[in-house]
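1. I would like to see how this sequence folds:
(chains A and B)
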Protein chains: 2
Amino acid sequence: MCGFDPLHRHQIETRSESPGPTGFDVKFCSHCGQPVSLRTLEGDHLPRFVCDGCGVVHYQNPKLIVGCVPEHEGRILLCRRAIEPRLGYWTIPAGFMENGETTQEGARRESMEEALADVEIGSLLAVVHVLHADQVHVMFRARLPEPKFGVGAESLEVVLYDEADVPWQDIAFRSVHFALRRYFEDRRRGVEQHHFTAIDFRKPPSA
Amino acid sequence: MCGFDPLHRHQIETRSESPGPTGFDVKFCSHCGQPVSLRTLEGDHLPRFVCDGCGVVHYQNPKLIVGCVPEHEGRILLCRRAIEPRLGYWTIPAGFMENGETTQEGARRESMEEALADVEIGSLLAVVHVLHADQVHVMFRARLPEPKFGVGAESLEVVLYDEADVPWQDIAFRSVHFALRRYFEDRRRGVEQHHFTAIDFRKPPSA
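-> The predicted structure is shown next:
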C-alpha cells in the first residue's frame, strides 16, 4: 500500500494486529499552533481536540484505503510488500485514497504504482471496516487486459497467481484475505456481489 | 448532517456549490506545534504538509459521510436542516462517519440524532464522490419499523414523504438528490442495486 507516513505505519503496525485506542493524539492546533485540549462540546456526543487559542475543533475520522483484484486470463495479480507494515507478505494493489480522486481512480492509481499495471476497474467487491485502525478498505474487481506489469517501488515481487497457488498463509492483511476469499467464491458462482464486514482487534476474541 | 465544525461548514458552503482547491491548509504541526511547509517528498507524487521541526508528514485524505433513506410503509423520512450549510433545505439523515464505527452504524446513529428514528440499515444504495469537497458519501436503504420519529437538534422538521410529495427543488445536496432518484427508480423496478457517481464543481460545466 502506498502513501504510508510514519504515523500511518505506526497505526497499521501497532493497531492492525493488536488492540488499542482509536484516533491519533493531536497536541497542537494545525491552524494557529497553540495547544489543544480534549473536550466534549455542548450538543456533541464525543470528546474532540479543541484549540485552547482559536477554538477550532480538530475532528478525527476514518480514512479510506482503496484497492483492487486485477485479473488476467483467470489469474490474479498479487504484490509482495517491500515496505512495513507486513514487509515480505502478499497483498493486492491498494493504498490511501487521495483528495481529488474517486475510489475507482485511487484503486487504478495504486495498481499502476505498486504493480506497474494499467487495470480497468470493475464492480465493487468488498468494504471492510477496520475498526481498530480507523480505516475503511474499499476493494474492487479489476481486469488487466494485457499481461504487462512490473515491480513498483513498494513491492519486492509482483506475480500472476492461479487460485490454487495463492499464498493464503502469507497474505499481509485480513481485509485482503477476506476480499480474496469472496472474490473466488463469487467467481465460482458466476456472480459479482459486494461484501461488507468488520474487523475489530480492540475486542478480545470470544471464547 | 451532524458533526460539522466551522471548517467542515466552510468546506461545504464554499466548495459544494462552487469550484475551489481541495484540502485544507495546515499551518502548524499538530504533534510539535512548529510551522509546516508544502513539499513533495522523494518517491511521492503529490505535495504534502511536512513539519519543518519534527518532519512528520500531515496527509490529507477524503472524509466519509454516511447516511440512509429510512422507509416506513412506502414513505421515506426526510429532515429539514436547522443548521448551515443549506439551512432550511431537505436531506436524508447523514453525517460525518466517526472513528470506531462501521458505515452502517454511522448511518443508524445519524438517523437517531437527526430524526430520533431507530432504523434498520439495509442494502447499499449509493456512493457519491464529492470531489470538490474531498468527501465520499455512502448511503444505504433503511427500514423504519414503527412510525416513531421526531425533530433532532439539527433539524427543523422531520416528515414521512410519499414519492409524489418529495420536495425535489429543495433537496439540500446533489449527492442526496442522486441517491433519492436511484432509490425510487430501483424500487419501481423491484431491485436493490448500488450506484456510484462523482460530483465535481472544480470543473467548469461543459458547453
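2. alpha carbons only for contacts and neighbour counts from here, please
-> Will do.
3. Helix, strand, or coil at the residue nearest to the spatial centre of chain A?
-> Central residue of chain A (C-alpha atoms, centre = their mean): A:Ile65, 3.5 Å from the mean position. On the three-state scheme (DSSP: H, G, I helix; E, B strand; the rest coil), A:Ile65 is labelled strand.
4. Now do A:Arg9, the pLDDT please.
-> The confidence metric pLDDT takes the value 36 at A:Arg9.
5. for A:Gly3, same thing?
-> So A:Gly3 comes in at 38 (pLDDT).
6. Wait, the residue nearest to the centre of chain A touches A:Pro93, no?
-> No: in this structure, A:Ile65 is not within contact of A:Pro93 by C-alpha atoms under 8 Å, at 10.4 Å.
7. Which positions in chain A make contact with chain B?
-> A:3, A:5-7, A:22-23, A:25-35, A:44, A:56-57, A:60-64, A:96-103, A:129, A:131-132, A:134, A:198 (C-alpha under 8 Å from any C-alpha of the partner chain).
8. For PyMOL, what selects the buried ones among those residues?
-> Buried residues among these (16 or more other C-alpha atoms under 10 Å in any protein chain shown), as a PyMOL selection:
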select buried, chain A and resi 3+22+23+26+27+28+29+30+31+32+33+34+35+56+57+60+61+62+63+64+96+97+98+99+100+101+102+103+129+131+132+134+198
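9. residues in contact with stretch A:60-67?
-> A:23-24, A:92-97, A:103-104, A:106-108, A:110-111, A:134-140, B:61-64, B:96-99 (C-alpha atoms under 8 Å, 6 or more residues apart in numbering or on different chains).
10. chain center to that stretch: distance?
-> Relative to its chain's centre, stretch A:60-67 lies at 7 Å (C-alpha atoms, centre = their mean, to the nearest Å).
11. Output that stretch in CSV with nothing but the alpha carbons.
-> Extracted C-alpha coordinates of stretch A:60-67, given in CSV (Å, rounded to 0.1, in the frame of the first residue of the first chain):
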residue,chain,number,x,y,z
GLN,A,60,-10.7,12.7,13.5
ASN,A,61,-12.5,10.5,11.1
PRO,A,62,-11.8,7.1,9.4
LYS,A,63,-9.5,7.0,6.4
LEU,A,64,-10.3,5.2,3.1
ILE,A,65,-8.0,2.6,1.7
VAL,A,66,-8.8,1.7,-1.9
GLY,A,67,-7.6,-1.3,-3.9
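12. tell me the mean pLDDT over that stretch?
-> 97.
13. the strands in chain A, which residues?
-> Assigned by DSSP state E, chain A shows strands spanning A:36-39, A:48-51, A:57-58, A:63-72, A:75-81, A:90-91, A:94-96, A:120-130, A:135-143, A:155-161, A:195-199.
14. Below-threshold pLDDT in chain A: ranges please.
-> Counting by pLDDT under 70, the ranges of chain A that qualify are A:1-24, A:203-207.
15. try it again with 90
-> Chain A contains residues with pLDDT under 90 at A:1-25, A:42-45, A:202-207.
16. what about the residue lying closest to A:Gly152 once chain neighbours are set aside, distance to B:Ile171?
-> Once flanking residues are discounted, A:Gly152 sits nearest to A:Glu114: 4.2 Å by C-alpha to C-alpha, 6 or more residues apart in numbering or on different chains. Distance, A:Glu114 to B:Ile171, using C-alpha to C-alpha, to the nearest Å: 41 Å.
17. Kindly state the domain boundaries assigned to chain A.
-> Listed by automatic domain parsing, the domain ranges of chain A are A:18-61, A:63-199.
18. Tell me which of those sits nearest to B:Glu157.
-> domain A:18-61 (18.2 Å; C-alpha to C-alpha).
19. now the farthest one out in chain A, which residue is it?
-> A:Gly53 (34.9 Å).
20. remind me, longest helix of chain A?
-> Longest helix in chain A by number of residues, with DSSP state H as the criterion: helix A:174-189.
21. CA-only coordinates of that helix, as PDB, when you get a sec.
-> Listed next in PDB are the C-alpha coordinates belonging to helix A:174-189 (Å, rounded to 0.1, in the frame of the first residue of the first chain):
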ATOM      1  CA  ARG A 174      -7.100  -9.700   7.000                       C
ATOM      2  CA  SER A 175      -9.200  -7.300   4.900                       C
ATOM      3  CA  VAL A 176      -7.300  -8.500   1.800                       C
ATOM      4  CA  HIS A 177      -7.700 -12.200   2.800                       C
ATOM      5  CA  PHE A 178     -11.500 -11.600   3.200                       C
ATOM      6  CA  ALA A 179     -11.700  -9.900  -0.200                       C
ATOM      7  CA  LEU A 180      -9.800 -12.600  -2.000                       C
ATOM      8  CA  ARG A 181     -12.000 -15.400  -0.500                       C
ATOM      9  CA  ARG A 182     -15.100 -13.600  -1.500                       C
ATOM     10  CA  TYR A 183     -13.600 -12.900  -5.000                       C
ATOM     11  CA  PHE A 184     -13.000 -16.600  -5.700                       C
ATOM     12  CA  GLU A 185     -16.300 -17.700  -4.100                       C
ATOM     13  CA  ASP A 186     -18.300 -15.300  -6.300                       C
ATOM     14  CA  ARG A 187     -16.300 -16.200  -9.400                       C
ATOM     15  CA  ARG A 188     -17.100 -19.900  -8.900                       C
ATOM     16  CA  ARG A 189     -20.800 -19.000  -8.600                       C
END
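22. Nothing else from me, thank you.
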